[in-house]
Each structure stands twice: as C-alpha cells, then as structure tokens.
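sequence below, structure please.
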Amino acid sequence: MLSAFKGLAVGGAIILLAGCGKQDAPPPPTPTVGVVTLKLASATLSSDLPGRISAVETSEVRPQISGVIRRRLFTEGALVQRGQLLYEIEDAPYRAALGQARGALANAQALIRSTQLQADRYRGLAGINAVSKQESDNAIAAAQQATAGVQAQRAAVDAAQVNLGFTRIRAPISGRIGRSLFTPGALVQAGQAGALATIQRTDTVYVDVTQSAAQILDLKEAIRAGGVTRGGADSARVQLLLPNGKTYPIEGRLQFSEVTVDAATGAVTLRATFPNPDGLLLPGLYVRAKLVEGVRQQVILAPQEGITRDPRGRATALVVGAGNKVEQRDLTTDRAIGNTWIVTSGLKPGDRLIVEGLLNLRPGTVVKPEKPEQVTATAKRGN
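Residues are numbered from 1 along each chain as shown. Reported below is the predicted structural model:
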C-alpha cells in the first residue's frame, strides 16, 4: 500500500510539471500605422509639354542684285540696328546704268518738244486745208508717243536708282546677326538660295509646345462642367525647364493655341512668349514647358505613399475603418499633382489613409493609427 501511494505521488508531480510547461504565449502587439486624414482641396492642374524656342523676328539677309561683294561692315555675332549698313556690292556697273538711263530721259524730253511743236503746227495747217487730216493726226500721235517715252525713261531712271541703292545691303530688322556666309570678293546673285547672314531678335522669344487634342478636350469639358476654373492670373502662366535640368527664372505667358489639329500627330500647337534679357534662351533650344491649365475644385489629394498598384495595374489603398480595422479600397486616379494623386473614386473626405507601416498589412487587421513620422499631410497642397 505504501508503494502504491508513492506511485501516485510521483505521477501527480509529473502531471504538475507537464501543466507548467504548456503556458499560453502572449498575443502579438497591435501594429502601429501612420495615417493621413483626407480632406477636400483644390488642385492646380498643369502639364509638362515638350517645345522648341524660336525668335520673335528672323530675317535672312539676301542680295537683291547681282555683283561682287566689296566690303563687309559688321561684326559677326553683334547686335545690329534696323537700317544699319551690312555689305557693299561693287556699284560701278549700276552707276553706269543710272547715267545711261538719265541720258535716255534727256533725249526723250528733247524729242517731246519737237514733236509737240510739229503737232501744233499741223493742227493749224489742217484747219486751212494746207495739209491733210491724216498728216495732222500722225503728228499728234507722234507727240503723244514722245510723252509716253518720257514717262518710260523716268521709270528706267527710278529703276536704275533703286538698283544702285541695292548695292548697299542694310539690316531689315534689329537683332543679333550670325556669321557671314560670304566674304568680300564673293559673287552674289539676286534670288540665290543661300543667305548672306541671318538676323534674329531674341530679347523676347517664342516657345512652341504641343499638347494632345484629347487632353484639351478633357480640360474644356471639365471647365464646362464647373469642376475646373480658369481665367485667373495663373491660368496663362508657363514655366520652362532647361536642358541642364534648371528652371528658367522668368515665367512666360501663353499667347494662343493653333486653330487646327495636326493630322499626323493629333496634337495642337500652343505658343508662349518669354522675356530673354540675358540672351540665355537660344532659338532652336529644346525645352520642357510647365503649362498651368486651371484649378480643379473640391478634389481628394491622396499622398502617393498610400497608393499602390495590384498585379493588373489597378490603384488600391488601405484605410483604417471602423474598430481600427484595415480596409482595402479600389481607386480611380486622374493625375499626379506634386507628391499626391487626384483620386476621383474610392476615397472620401474623412477617410484615414495608411501611408506608413504597409508592409505585410492585410485587410481585417486591427491596427493602432498614429500621425505619420516621415510622410506629412500633403492633401492641402495644390501643386
């Protein structure tokens, strides 16, 4: 009986020790997430568009007569003024032509005097039947031809004077002149293909950019529906991003848009003007223009850190719902504004969007929402 008692005591001790080894583990801590409470805000819509710079005025200097260049009277790359003398063409042949035309005019003027006197005399003789009517008419016609000949010779003198003036090639516009493609001694001809030099006025420049017709139509529909306002001081604002990545310090203004769509590209050309006091913007330079289109009112701006894409490319987000449980939302986004997305469906004001602590987070998980440490609330930013 004593041995049986000892066996029961040993067995109870073993059971007690086994019970002590099976204590329940503590539950995992509630994950902490950073959330941003979404609000309605306004967003400034803008588009980054490719463009090229062109001068407001461009003139190719060309000869209007043929001849040999005698002198070049400008410095390449310098600023020239309208009417400034640029080239001289050898003028001896044109001076001779002017003298010849003046001599022909003097001869015509002398002829008109004699024919007019003869016409007057024959008119009197015909009145007394001393000469025939036909002879009188011939004399009068000769006088009229002499008068016409004088007018023609005066025109020839004017033409010769114009050609002589063309031996002095002057700047048609004010601006900066490029390199001279012809040197003194070169033979130039009227109507030649190559220009002597090119002048460009670049104190103000044009920036021509292209935008798809579909984007323009969407914007006009949004304005018509009242979702986008336009017409304020910012609606015509344009900024330039230069090829070196820097932003041009002076803003430009949108002037107009082309009235037709390019059939090949489906795009519309927009033109903006930019002051260029330092000559930094060169014609032909490739730039990107940031064009302010308007302001969209009452939209949800969601930080990009809280928006993800599923394997099919659809936008999704996780929000903190009732009972601090995680909910997944399928979203429709419009465009990026700075570091936010314009969300048109899937989110509403007051939603607590999770922007931090998303790793391994699943719908239905109870979380502890707190203010994000790294991501700031950007929903109030419009650009």
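
list the buried residues of the helix or strand hosting residue 46.
Element membership of residue 46 [criterion: DSSP states H and E] is strand 40-61. Applying a neighbour-count criterion of 16 or more other CB atoms under 10 Å, one finds 41-47, 49, 51, 53-56, 59, 61 buried in strand 40-61. For every residue, glycine as well, the C-beta is placed using N, CA and C.

can you name the next helix or strand after that strand?
Note on strand 40-61: by DSSP H and E, the next helix or strand toward the C-terminus is strand 67-72.

tell me the average confidence for the helix or strand just after that following strand?
Using DSSP H and E, the helix or strand that follows strand 67-72 in sequence is strand 79-80. The pLDDT scores in strand 79-80 average 94.

packing partners of strand 79-80?
If you count contacts as 3 or more CB pairs under 8 Å, 6 or more residues apart in numbering; DSSP states H and E, strand 79-80 packs onto strand 175-177.

contacts for the strand it packs on next, please.
Residues outside strand 175-177 that contact it (CB atoms under 8 Å, 6 or more residues apart in numbering) are 55, 57, 59, 61, 74, 76-80, 86, 171, 197-202, 279.

please state the offset of that strand from the chain centre?
Chain-centre distance of strand 175-177: 22 Å, with CA atoms, centre = their mean, to the nearest Å.

name the residues that touch the helix or strand just after that strand?
Counting by DSSP H and E, the element after strand 175-177 in chain order, helix or strand, is strand 187-188. With contacts defined as CB under 8 Å, 6+ apart, strand 187-188 is touched by 63, 66, 67, 68, 69, 89, 182, 196.

try it again at 10 Å.
Residues outside strand 187-188 that contact it (CB atoms under 10 Å, 6 or more residues apart in numbering): 62-69, 87, 89-90, 169, 182, 194, 196.

partner strands of that strand, parallel or antiparallel?
Paired with strand 187-188 in the same sheet, following DSSP bridges, are strand 67-72 (antiparallel).

what comes up buried for the strand it pairs with?
Going by neighbour count (16+ other CB under 10 Å), the buried part of strand 67-72 is 67, 69, 72.

in CSV: these, plus pLDDT and distance to residue 364.
Listed next are these as CSV, based on pLDDT from 0 to 100; distance: CB to CB, whole Å:
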residue, pLDDT, distance to residue 364
67, 95, 91
69, 96, 87
72, 95, 84
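
quick check: mean pLDDT of the strand holding residue 46?
So the average pLDDT for strand 40-61 ends up being 89.

what do you get for stretch 181-189?
Confidence over stretch 181-189 (mean pLDDT, whole number) is 94.

so what's the gap between that stretch and the chain middle?
When C-alpha coordinates are averaged (CA atoms, centre = their mean), stretch 181-189 and its chain have centres 37 Å apart.

what comes up buried for that stretch?
Neighbour-count burial for stretch 181-189, counted by 16+ other CB under 10 Å, picks out 182, 188.

same question, stretch 28-40
So, applying 16+ other CB under 10 Å, buried residues of stretch 28-40: 33, 34, 35, 36, 38.

how long is that stretch from one end to the other?
End-to-end distance for stretch 28-40, by CA to CA, to the nearest Å: 37 Å.

ok, back up a step: farthest-apart pair in the contacts of strand 187-188, please.
For those, the farthest-apart pair by CB to CB is 90 and 194; their separation is 19.1 Å.

those two: who's more crowded?
Neighbours were counted for residue 90 and for residue 194 using other CB atoms under 10 Å; residue 90 has more, 15 against 9.

separation between the more buried one and residue 188?
According to CB to CB, to the nearest Å, residue 90 stands 10 Å off from residue 188.

bridging across strands, which residues link to residue 168?
For residue 168, the residues forming beta bridges with it (DSSP bridges) are residue 88.

I appreciate the help and will end here.
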